[in-house]
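S.K.: after the sequence you'll find the predicted model.
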Amino acid sequence: MPFLNFIGCYMGCNSYRGPGLIGLAASSSLIDFGFFCSISDSSMFVYRHGGCILVLLLYVDDIVLNGNDEAFLSSCVTALGTHFAMKDLGTLHYFLSIEVSHTSQGLFLSQLKYVADVLLRAHMTDIKPMSTPMVLWSSIDDTTPFFDVILYRSLVGALQYLTMTRPDLSFAVNSVCQYMHAPTISHFGMVKRILRYVKGTLDRGLRIVRDRSLALYAFSDSDWAGCLITWCSTTSFCTFLGANCISWSAKKQPWSPVPTLRPSTGYGYYSC
C-alpha cells in the first residue's frame, strides 16, 4: 500500500514504491473513487457531490486537497485512506518550494527560501538591490560568450519557476530565456539585474483572497517589435477571477516580420 502524508484539509504524499508507481496508482484510484481529471490540467482532479466540491492536485507523489465542506472533506479523506496509508501533517504551509501563509483575507504565496537558494547558487547573497528587473531598452554591449553556459541555464530555469508566484518577473525572465543556446556576458548581466531586483523585493508574492465574485477579465500588452535584432514583439497577459490573478504569461513572437522589398517602388514594409 502506498504511503501518504496527510496535511489536514491538504495532503502531502510520499511513497516507498517510487514516484512513478504512486502517481499511476493514485490517478487510477482517484478516477475509480469518482474524481474526474481536469481538461486544462492533467494533475488536477475534481469531485462533485450535490453542492460539495473537492479539488485535488496530484504532483508525482505529492497531493494538495481542499473542498468547500469540512465534513464532506473529512469523509472523503477517510475513504481515500482505504486505498492509501496517510499521515496528518497539519495545515498546508509548504508545497513544491512554495510557502503558503494564512492571513485574515486568504492566502499569500511566496518563495522566500527558494529565492535564498538561487541567490546562494549565483554567489549573489550580498548584492545591492535594484528597483527594476531590466532596463527599458537593452543593448548587447559585450558579445563575448559567457564562460559557464550551465550556470546561465540553471539560473534562468530557476527564475522561470519563480514566476509561479511573481508575475512581475514574467517579461524580464522571458527576455533572458531567449539566449539559453548561446549566452553572452551581456546576457548574464541581464540575469544578474533580475536577481538584484528579486533581492530587493523578497516580500512580494501572490495573494489569493476570499472573493465571491466570479467575474473573469484579462489585461494584455505588447512591446511592438521590441527586439532590436529580430523586430519580434513580446506579448504579455494576466487573467483575473474576481480579485485573484489566476494566470499570466509573457511570450515572444514565434516568427520574425522580415522586411520585404517592393521591386516597383524600392520601399520596404513589414508584415504583421
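M.R.: Great, that's in hand. Numbers count the residues shown, from 1 in each chain.

S.K.: next, the buried residues of the helix or strand where A158 lies.
M.R.: Using DSSP states H and E, the secondary-structure element containing A158 is helix 149-162. Across helix 149-162, burial judged by 16 or more other CB atoms under 10 Å covers 151-152, 155-156, 158-159, 161-162. Backbone N, C-alpha and C define where each C-beta goes, glycine included.

S.K.: helices or strands next to the next helix or strand after that helix in the packing?
M.R.: Sequence-wise, the next helix or strand downstream of helix 149-162 (DSSP H and E) is helix 170-177. Using 3 or more CB pairs under 8 Å, 6 or more residues apart in numbering; DSSP states H and E as the contact test, the elements touching helix 170-177 are helix 149-162, helix 185-199, strand 234-241, strand 244-252.

S.K.: just how off-centre is helix 170-177 within its chain?
M.R.: Relative to its chain's centre, helix 170-177 lies at 13 Å (CA atoms, centre = their mean, to the nearest Å).

S.K.: contacting residues around that helix?
M.R.: 133-134, 138, 156, 159-160, 162-163, 187, 190-191, 194, 197, 234, 236, 248-252 (CB atoms under 8 Å, 6 or more residues apart in numbering).

S.K.: give me the buried entries from these.
M.R.: Buried among those (16+ other CB under 10 Å): 133-134, 138, 156, 159, 162-163, 187, 190-191, 194, 197, 234, 236, 248, 250, 252.

S.K.: domain ranges for the chain, per the record?
M.R.: 3-96, 110-199, 212-272 (automatic domain parsing).

S.K.: could you check the pLDDT of Y161?
M.R.: For Y161, the pLDDT comes out at 95.

S.K.: and for I229?
M.R.: For I229, the model assigns a pLDDT of 69.

S.K.: and the spatially most central residue of the chain, what does it touch?
M.R.: Most central in the chain under CA atoms, centre = their mean is M164, positioned 2.5 Å from the mean C-alpha point. Residues in contact with M164 (CB under 8 Å, 6+ apart) are 98, 111, 206.

S.K.: just the buried members of those residues?
M.R.: 98, 111, 206.

S.K.: what are the phi and psi values for the second one?
M.R.: Right, the one you point to is Q111. The phi/psi pair for Q111 (degrees, to the nearest 10) reads phi -140, psi 50.

S.K.: which residue, other than its chain neighbours, is closest to it?
M.R.: Nearest residue to Q111, sequence neighbours excluded (CB to CB, 6 or more residues apart in numbering): T165, at 5.4 Å.

S.K.: does that neighbour touch S97 like I think?
M.R.: No: T165 is not in contact with S97 according to CB atoms under 8 Å; the separation is 9.6 Å.

S.K.: more neighbours, those two?
M.R.: T165 (21 against 15; other CB atoms under 10 Å).

S.K.: quick one, helices of the stretch 1-150 of the chain?
M.R.: Secondary structure of the stretch 1-150 of the chain by DSSP state H, counting those that start in this stretch: the helices cover 19-33, 70-80, 112-121, 149-162.

S.K.: distance of the residue nearest to V209 when sequence neighbours are not counted from N244?
M.R.: Spatial nearest neighbour of V209, chain neighbours left out: G106 (4.1 Å); criterion: CB to CB, 6+ apart. As for G106, its distance to N244 is 8 Å (criterion: CB to CB, to the nearest Å).
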